[in-house]
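> Give me a model of this one.
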Amino acid sequence: MERALVERRLPTKAKRHGQYFTPPDVAATLVRWALRSPSDRILDPACGDGEFLSSHEYGVGCELDPEHAATARRRAPGALIHGGDFFTWADETHERFEAVVGNPPFIRYQGFTGDIRERALRQAKKFGADLTALTSSWAPFIAASALLLKPGGRMAFVVPAEIGHAAYATPLIEALCAAFGEVVIVAVREKIFPTLSEDAWILYAAEHGERSTGVRLVTVDRFKIGSDLPPGGRVVPLSDLRNVRGRLRRWLLPTNVLTVYETFERADSVRRLGSLASVSIGYVSGANAFFHLRPSARRRAGIDEHFVKPTVRRGGSLPATDALTARQVKKWIDDDEEVLLLHLDRDLKRLPIAVRRYLDSDAGLEAREAYKCRVREPWYSVPDVTVPDGFLTVMAGDTPQVVRNDAGCVATNSVHVVNMRPGESFTAMQRGFASTLTRFSCELEGHPLGGGLLKLEPREAQRLLIPTPSTMPDLLNTVLATEALEHGIATMRSWRGYGR
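Sure thing, here's the model as predicted:
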């Protein structure tokens, strides 16, 4: 299905509100974990249809959606359900609770906007979690909920598995450790929500009003119904978590495997990709359908070849070889694919008649109203268009691919562009990138996207470990290293659901 068609579709109400209802057994189990006494009063800050509140006699809930609030009142007749925005209510209420439970809405920052977000971030900061505007909604829900607990109180939440890697998870976890004597994250390998691509874990916090120096990470294959929190796991000190930018997911690995990786991190003959090259996103056109032309469309419009550049539209277009060549680009052209970027220099004094005619077409009149086009001057000049040394795929099922740019192409932001630092060799970097160590590093420094996919943001890609070609045999050909790295790859792939 074409991307433009997908983007024009209105999201479902559930997706807009981040509503994915919790299985009954999971909700009942979390309520049991949070309660210390049958008389405890619980709060669900985003109660949805009342699943959590129906498990306990004394409850209070907030729900933005009137239909779901009505359902919650029917399912939990003894509970008090407040309609409207939780953050407004939380800012005004004087009530305090023995326990807070729930499954907070998961709305990514693009949809988590306006006054609600401002109130949410303000309350999170009051709790001690200084969250950025790029934060998804679930994190401030947890922070604001913690403000409503009585001393000694507990929390039990279903949370997205991104708590193990998202940048904004770090200030939240640190604030939780500053406010609770025990903080536990239960990483669940099998899906709690079978129909969703998003994986979910469990956050548990107890002894509100005390402090802890680290978070206990417990790994389980599947969520088990019961009254007791899973035992065991390992305590990750906050100091260690800070050293890896809060990426808790590395402790999903067996200790011996993580030790091998940390040894490579300290090795002089292993470098971070960022020390060899810069990695960034490609250009953002603002209106892809308008700015990317088929060769036949360029000819019909009479636009000179001087005003177009061949471009890599998506990672799937890259060949399964070391280099993108002129021969591959010629095939795109011969197949009449939309691979020609209309590239007009912002300092161009006079536009040719054919170009002006295309800009003033119905498609051009629509494109100039798109946000990215509307806020730049002139609207038709796509910025940040450069010819990089190579490309790195953003998403992968198996392992990300790095490809040398022998064809002189540019690339959209669906592909990362790679430019070598002075004196560094792309070919040497590429050889190191193919190593078992770097394949493992991709799994550890990248993050799950859902559906088994691995994603690498530019800042993650720049942290990839790259062995130097001259030392690869010495570093990687020991049985211990090879077995540990391969086991690490298999472990992290199983956690992101690859091959599920």
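> And the protein, what are its domain boundaries?
The chain breaks down by automatic domain parsing into domains covering 12-252, 279-495.
> Quick check: which of the ones you listed is buried the most?
Ranked by mean neighbour count, the domains of the chain are led by domain 12-252 with a mean of 19 (mean count of other Cβ atoms under 10 Å). Every residue, glycine included, has its C-beta placed from N, CA and C.
> from memory L273 sits against R463, does it?
Yes - assessed by Cβ atoms under 8 Å, L273 is found in contact with R463 at 7.2 Å.
> Spit out the contact partners of the nearest residue to W332 once chain neighbours are set aside.
Excluding the flanking residues, the one nearest W332 by Cβ to Cβ, 6 or more residues apart in numbering is V339, at 4.6 Å. By Cβ atoms under 8 Å, 6 or more residues apart in numbering, the contact list for V339 reads 292, 310-313, 317, 329, 332-333.
> List phi and psi for R74.
phi -70, psi -40 (degrees, to the nearest 10).
> er, R247 I mean
Here R247 shows phi and psi, under degrees, to the nearest 10, equal to phi -80, psi 80.
> List the residues that contact it.
164-165, 241, 445.
> From L258, how far off is it?
Computed as Cβ to Cβ, to the nearest Å, the R247 to L258 distance reads 12 Å.
> can you give me the mean pLDDT across the longest helix along the chain?
In the chain, taking DSSP state H as the definition, the longest helix is helix 479-495. Average pLDDT, helix 479-495: 90.
> With stretch 328-343 instead?
Averaged across stretch 328-343, pLDDT comes to 97.
> Likewise for stretch 411-419?
For stretch 411-419, the mean confidence score works out to 97.
> Just the CA atoms of that stretch, as PDB, please.
Taking C-alpha atoms only, stretch 411-419 is exported to PDB below (Å, rounded to 0.1, in the frame of the first residue of the first chain):
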ATOM      1  CA  ALA A 411      19.000   9.900  -0.100                       C
ATOM      2  CA  THR A 412      15.700  10.700   1.700                       C
ATOM      3  CA  ASN A 413      15.300  10.400   5.500                       C
ATOM      4  CA  SER A 414      14.200   6.800   5.000                       C
ATOM      5  CA  VAL A 415      17.900   6.000   4.800                       C
ATOM      6  CA  HIS A 416      20.800   7.100   6.900                       C
ATOM      7  CA  VAL A 417      23.700   8.800   5.100                       C
ATOM      8  CA  VAL A 418      27.200   8.000   6.000                       C
ATOM      9  CA  ASN A 419      30.200  10.300   5.500                       C
END
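> gap between it and the chain center?
Averaging C-alpha positions (Cα atoms, centre = their mean, to the nearest Å) puts stretch 411-419 18 Å from its chain's average.
> who touches the host helix or strand of W33?
Element membership for W33 (DSSP states H and E) is helix 24-34. Helix 24-34 is contacted by residues 40, 42, 51-52, 55-56, 99-101, 103, 154-158, 192, 202, 204, 223, 225-229 when judged by Cβ under 8 Å, 6+ apart.
> What of stretch 249-269?
By Cβ under 8 Å, 6+ apart, the list of residues contacting stretch 249-269 reads 164-165, 187, 217, 219, 234, 236, 244, 270, 437, 440-441, 444, 447, 465, 467-468, 470-471, 474-475, 480-481, 484-485, 487-488, 491-492, 495.
> Where strands are concerned, which of these count?
Within the contacts of stretch 249-269, residues falling in strands by DSSP state E are 187, 217, 219, 234, 236, 270, 447, 465, 467.
> Quick check: pLDDT value at the last one.
At P467, the pLDDT value in this model is 92.
> So what pairs up with it in the strands?
Counting by DSSP bridges, P467 is bridged to V270.
> So it is in contact with S435, correct?
Yes - taking contacts as Cβ under 8 Å, P467 lies within contact range of S435: 5.4 Å.
> Mind putting the domains of the chain into CSV with distance to R266?
Output for these, formatted as CSV (distance: least, Cβ to Cβ, whole Å):
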stretch, distance to R266
domain 12-252, 12
domain 279-495, 11
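> so after the helix holding W33, what's the next helix or strand?
On the C-terminal side of helix 24-34, the nearest following helix or strand under DSSP H and E is strand 42-44.
> could you say what helices and strands the helix or strand following that next one packs with?
Under the assignment DSSP H and E, the closest C-terminal helix or strand after strand 42-44 is strand 59-63. When contacts are defined as 3 or more Cβ pairs under 8 Å, 6 or more residues apart in numbering; DSSP states H and E, strand 59-63 sits against strand 42-44, helix 66-75, strand 80-83, helix 86-92.
> C-terminal to the last one, which secondary structure element comes first?
Next along the chain after helix 86-92, taking DSSP H and E as the criterion, comes strand 97-102.
> Residues contacting the helix or strand following that following strand, please?
Moving toward the C-terminus from strand 97-102, the next helix or strand (DSSP H and E) is helix 114-127. Residues outside helix 114-127 that contact it (Cβ under 8 Å, 6+ apart): 85, 87-88, 90-91, 112, 130-131, 133, 135, 137, 139-141, 143-144, 146-147, 172, 175, 179.
> Also stretch 317-327?
Residues outside stretch 317-327 that contact it (Cβ under 8 Å, 6+ apart): 312, 328, 332, 339, 391, 393, 401, 403-409, 415, 430.
> chain center to stretch 440-456: distance?
Distance, stretch centre to chain centre, for stretch 440-456: 10 Å (Cα atoms, centre = their mean).
> What is the end-to-end distance of it?
Terminal residues of stretch 440-456 are spaced 13 Å apart (Cα to Cα, to the nearest Å).
> gap between V236 and A178?
16 Å.
> Ok, V260 next?
V260 sits 33 Å away from A178, going by Cβ to Cβ.
> same question, L273
From L273 across to A178, the span is 34 Å (Cβ to Cβ).
> Kindly report the same for L340.
Distance from L340 to A178, by Cβ to Cβ: 55 Å.
> Run through the helices of the stretch 101-250 of the chain in chain order.
Ranges of helices in the stretch 101-250 of the chain, per DSSP state H, counting those that start in this stretch, are 114-127, 138-146, 169-179, 238-243.
> Among those helices, which comes closest to S361?
Among the helices of the stretch 101-250 of the chain, helix 114-127 comes nearest to S361, with 34.8 Å by Cβ to Cβ.
> the strands in the stretch 201-350 of the chain, which residues?
214-220, 234-237, 270-272, 277-281, 292-293, 308-312, 323-324, 340-342 (DSSP state E, counting those that start in this stretch).
> chain center to the third one: distance?
Between the centre of strand 270-272 and the centre of its host chain there is 24 Å, according to Cα atoms, centre = their mean.
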